[in-house]
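Asks: predicted coordinates and the sequence they were generated for:
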Amino acid sequence: MAEPTIAAKKPAVLELEAGNYWWCTCGQSANQPFCDGGHKGTDFTPQKFTLEEKKTVALCQCKYTENAPFCDGKHAQL
């Protein structure tokens, strides 16, 4: 499988409403950290995640987290 593009070496800290979201796994979306279809023609697919309530989250933008879609600090090793 191809390596993802590193969109940023820091998380996107956002306050999100309850609902469904699609996290970009390829790093090519212009709407980071969310999918905008930039993965078309690649082996990547976006990852759906659901929040049950409004909350502040730190979403991974380096695409190497082991806790997708949430940041686990892996960007500090890149």
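Replies: Good, I have the coordinates.

Asks: can you show me the strands along the chain?
Replies: Ranges of strands in the chain, per DSSP state E, are 12-16, 19-23, 47-51, 55-59.

Asks: dump these to JSON lines, plus distance to residue 39.
Replies: Yep, even glycine has a C-beta here, placed from its N, CA and C like the rest. Below are the strands of the chain laid out as JSON lines (distance: least, CB to CB, whole Å):
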{"stretch": "strand 12-16", "distance to residue 39": "18"}
{"stretch": "strand 19-23", "distance to residue 39": "10"}
{"stretch": "strand 47-51", "distance to residue 39": "11"}
{"stretch": "strand 55-59", "distance to residue 39": "16"}
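
Asks: same list (the ones you listed) but as TSV, adding mean pLDDT, distance to residue 38 and mean neighbour count.
Replies: Output for those, formatted as TSV (pLDDT from 0 to 100; distance: least, CB to CB, whole Å; neighbours: other CB atoms under 10 Å):
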stretch	mean pLDDT	distance to residue 38	mean neighbour count
strand 12-16	98	16	12
strand 19-23	98	12	15
strand 47-51	98	14	12
strand 55-59	98	16	15
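
Asks: of all those strands, which one is nearest residue 6?
Replies: The closest of the strands of the chain to residue 6 is strand 12-16. By CB to CB, the value is 13.0 Å.

Asks: now the closest one - C-alpha only, PDB.
Replies: Extracted C-alpha coordinates of strand 12-16, given in PDB (Å, rounded to 0.1, in the frame of the first residue of the first chain):
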ATOM      1  CA  ALA A  12      -6.200  19.500  14.100                       C
ATOM      2  CA  VAL A  13      -7.800  20.400  17.500                       C
ATOM      3  CA  LEU A  14     -11.500  21.000  16.800                       C
ATOM      4  CA  GLU A  15     -14.800  21.300  18.700                       C
ATOM      5  CA  LEU A  16     -17.200  19.100  16.700                       C
END
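
Asks: by contact count, what packs against it?
Replies: strand 55-59 (3 or more CB pairs under 8 Å, 6 or more residues apart in numbering; DSSP states H and E).

Asks: I appreciate the help and will end here.
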